[in-house]
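Asks: Need the 3D shape of this:
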Amino acid sequence: MILVLHAHPYPQHSHACKALLDAANDVPDVEVRSLYDLYPDFDIDVAAEQAALIRADLVVWLHPVYWYSVPSLLKHWFEVVLLQGWAFGPGGTALRGKHCLWVASSGGDEASYAAGGMHGRRFADFIAPIEQTARFCGMSWAPPLLVHGAHLVTDEALQASAAALHTQLLAWTARKSLNNPEAS
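Replies: I've put the predicted structure just below:
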């Protein structure tokens, strides 16, 4: 199963995240959990979130980039769901061997994430904490799918990114079906 954790505080204003989220719509065995819809008060049901993670083979973190990181509810989700003894540390093997895909949109275009750009750093510098969160929990990290310049991206470029995600998710389900014929 593919678990998509969607964390956008203002999804009605997001052209890019909506297109990426829609890319998962007709993929079999996908569960979408929209964290801001589920937990507007930030009172996360840890048992429900951990149960969803247990069911998943692939976990997708889909969100806009906020202040070079994840939106606050996803950060809170990391803190209360990925617990020592469950997700990491002694006995913390619940996520070991699962795969993680980071799908994010940024307001800045690629040129703004360069040594001489507005942000003064390559975007790759901001990937490390997200990647390390997955790896610290024993997950396999897939190369992220990023949409830069989300406010300015052309419809064609956005649809190409959404199609790439759709293809990647379909390939994942096909691979899992081939590896586990009884699951089909």
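Asks: only C-alpha atoms for contact and neighbour calcs from this point on.
Replies: Fine.
Asks: Please name the residues that touch the residue nearest the centre of the chain.
Replies: The centre of the chain sits closest to Trp61, judged by C-alpha atoms, centre = their mean, with a distance of 1.3 Å. With contact taken as C-alpha atoms under 8 Å, 6 or more residues apart in numbering, Trp61 is in contact with Val4, Leu5, His6, Ala7, Cys100, Leu101, Trp102, Val103, Ala104.
Asks: which two from these end up farthest apart in space?
Replies: The distance between the two most remote of the contacts of Trp61 (C-alpha to C-alpha) is 15.2 Å, for Ala7 and Cys100.
Asks: about what we covered before: what is the three-state secondary structure of the residue nearest to the centre of the chain?
Replies: Three-state assignment for Trp61 (DSSP: H, G, I helix; E, B strand; the rest coil): strand.
Asks: same for the lengthiest helix in the chain, what does it pack against?
Replies: Criterion DSSP state H: the longest helix present in the chain is helix 155-179. Judged by 3 or more C-alpha pairs under 8 Å, 6 or more residues apart in numbering; DSSP states H and E, helix 155-179 is in contact with helix 15-22, strand 145-147.
Asks: Quick check: the residue nearest to Gly117 when sequence neighbours are not counted vs Arg122, distance?
Replies: Closest residue in space to Gly117, ignoring its immediate chain neighbours: Ala111 at 6.1 Å, by C-alpha to C-alpha, 6 or more residues apart in numbering. According to C-alpha to C-alpha, to the nearest Å, Ala111 stands 9 Å off from Arg122.
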